[in-house]
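Colleague: Return atomic coordinates for the entry below.
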Amino acid sequence: MSIAQMMYGPVMYLNCVFEIFLLYNLLEGVYRAYDDRKSIRLLEVIGCSMVIFLINSLNLPTINLFCVPLMYLFFVWLMFRIQLKYNFLYVLFYYVILAVTEFIFHYIYTLLKIDVSKADFSMVLFLVIQKIFEFAVVQMIKKRHQSPYKSGSFQYLKYLFMLPIASLVLLNGFLLSKEGSAGYLLICAGGVLLIISNVVGFSTVEKLLKAERVARDAELLALKTRLERSHYQRMEEINQDYAEYLHEMSRIVRIMEQLACTEEEGAIKGAVEKVSQMGRATVKQCYINDQITNAIFIERERNALDKGVDYQVDIQTGIDVGFIDDLDKISMFGNLLDNALEAAEGCNEGYVFVSLYKGNEALIILRIENNFKIKPHKIGEKYFTTKSEKKRHGFGIKKVEELSERYGGILNCYEEDDAFVAVLMLSNIPNSAN
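Modeller: Have a look, this model is predicted:
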């Protein structure tokens, strides 16, 4: 038994897997899978493919004609649980695609006097060509009729179909190279198309990465806008409270003038205490002149109040953070403050102490100290998230470390007694590496 004959069975099974997967690929753009677990869906694909392979192994065309579509119906129901009438229509449509493709290729092979009945490498190659063609047809149909995509979006993706076309031309060229010069011409044409398709592929990836960056920047810009709105709202509240304070102060001063004329010291003392209490109740904190940074601290102050955490901020007068990009302020300061508040939330007397000061004329330092209920997870010199869903968390500190390098700085985290301390140092000297 030759190697090609030994490979015949696995190749035929992979062919069944491919057809089942192609059916799933056609419908996934229209319907959502019934089970979200990938392992279950994979088992369903493998199981249904095995049954179809066993049916094909019987070599009985009549049984194949009826049983294979029934397995397709069962697979679609198993995967998507759609109504029977829609299930039947989609399976019929897909089965017609496979049947027409097989008929076309059978006609082409007969016309070219190519024998594909033998279990050899040529048969495998012809089968690959046929499956690439089927895949291209299904993808073109899916691209044209898939509802989630708006008209005009990702139009450049259609040029990626050049790759399967190039593969078809090349494979046919290799198969027909012994028949004459036509085969070599196909190889040359396929090679040119393959080069162009690679250029298109790299260009498409670049555009997708650019779109991802634009989406990420838009998300951060939206967050920046919300923080600015929070800042302006807080300033408006401060101004309103201050106006009310001045109005009430002027009234109390007049009362104190009248009391001074009557020499009632007790009443005067009570009025003074009332003024003092009003001052403490109405004056709200403005941490720093920088709008974004101030909004970040104010927003976390509200979070700390909701969590019952003692939140204290000490900022050196006249400190300038203008050299830091607004989006980077949100990422660095916001991430560190959020981590500290979440860690301190579970403590009986949770606290977060924040200080922002100059190290020297070129260096600013943000120091955040907090207590914790769950001991930080440390491997080597790195700290990692202690949250249960680690795949969705743990990017905050890593992001801060990356951004600090942009400003020639460093993030240093360590434990001090029963507290966790994060020290972020940033330099206002331009970093030539960036």
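Colleague: what's the burial count for Gln139?
Modeller: 19 (other Cβ atoms under 10 Å). Every C-beta, even on glycine, is put in place using the N, C-alpha and C of the backbone.
Colleague: where's it relative to Tyr86, distance?
Modeller: Gln139 sits 21 Å away from Tyr86 when distances are taken as Cβ to Cβ, to the nearest Å.
Colleague: What of Ser404?
Modeller: Relative to Tyr86, Ser404 is positioned 55 Å away (criterion: Cβ to Cβ).
Colleague: With Gly322 instead?
Modeller: Here the criterion is Cβ to Cβ. By it, Gly322 lies 60 Å from Tyr86.
Colleague: pLDDT on stretch 141-154, on average?
Modeller: Averaged across stretch 141-154, the pLDDT comes to 54.
Colleague: What of stretch 167-174?
Modeller: Stretch 167-174 shows an average pLDDT of 69 in the prediction.
Colleague: Stretch 85-97 too?
Modeller: Per-residue confidence for stretch 85-97 averages out to 87 on the pLDDT scale.
Colleague: what's the neighbour count on Gly190?
Modeller: Gly190 has 21 neighbouring residues, counting by other Cβ under 10 Å.
Colleague: Would you double-check that it falls in a helix?
Modeller: Yes - counting by DSSP: H, G, I helix; E, B strand; the rest coil, Gly190 is located in a helix.
Colleague: Do you know the pLDDT at it?
Modeller: What the model reports as pLDDT for Gly190 is 70.
Colleague: try the one 10 residues further on
Modeller: The predicted structure scores Val200 at 71 on the pLDDT scale.
Colleague: tell me which element it falls in.
Modeller: Counting by DSSP states H and E, the element that carries Val200 is helix 181-262.
Colleague: swap in Ile40?
Modeller: Secondary structure from DSSP H and E places Ile40 in helix 38-57.
Colleague: Tyr8 now?
Modeller: Taking DSSP H and E as the criterion, the element that holds Tyr8 is helix 3-27.
Colleague: just the angle between that helix and helix 38-57, please?
Modeller: Inter-element angle recorded for helix 3-27 and helix 38-57: 130 degrees (by axes from the mean of the first three to the mean of the last three Cα atoms, to 10 degrees).
Colleague: Buried residues in helix 3-27, which are they?
Modeller: By neighbour count on 16 or more other Cβ atoms under 10 Å, the buried set for helix 3-27 is 7-8, 12-20, 22-24, 26-27.
Colleague: Nearest to Val400 among those?
Modeller: Proximity of the buried residues of helix 3-27 to Val400 was ranked by Cβ to Cβ; the top entry is Tyr24 with 41.4 Å.
Colleague: show me the residues around the closest one that make contact.
Modeller: Taking Cβ atoms under 8 Å, 6 or more residues apart in numbering as the criterion, Tyr24 is in contact with Arg41, Val45, Phe75, Met79.
Colleague: go on, Ile52?
Modeller: Applying Cβ under 8 Å, 6+ apart, the residues contacting Ile52 are Cys16, Glu19, Ile20, Val68, Met71.
Colleague: Recalculate using a threshold of 7 Å.
Modeller: Shown in contact with Ile52 (Cβ atoms under 7 Å, 6 or more residues apart in numbering): Cys16, Val68, Met71.
Colleague: Also Leu341?
Modeller: Leu341 sits next to Arg300, Asn303, Ala304, Lys307, Val309, Val352 when contact means Cβ under 7 Å, 6+ apart.
Colleague: The same query, at a cut-off of 8 Å, please.
Modeller: Leu341 sits next to Arg300, Asn303, Ala304, Lys307, Val309, Tyr311, Val352, Asn370 when contact means Cβ under 8 Å, 6+ apart.
Colleague: What about it? Give its phi and psi, please.
Modeller: With angles defined as degrees, to the nearest 10, Leu341 sits at phi -60, psi -40.
Colleague: Sweet, I'm off.
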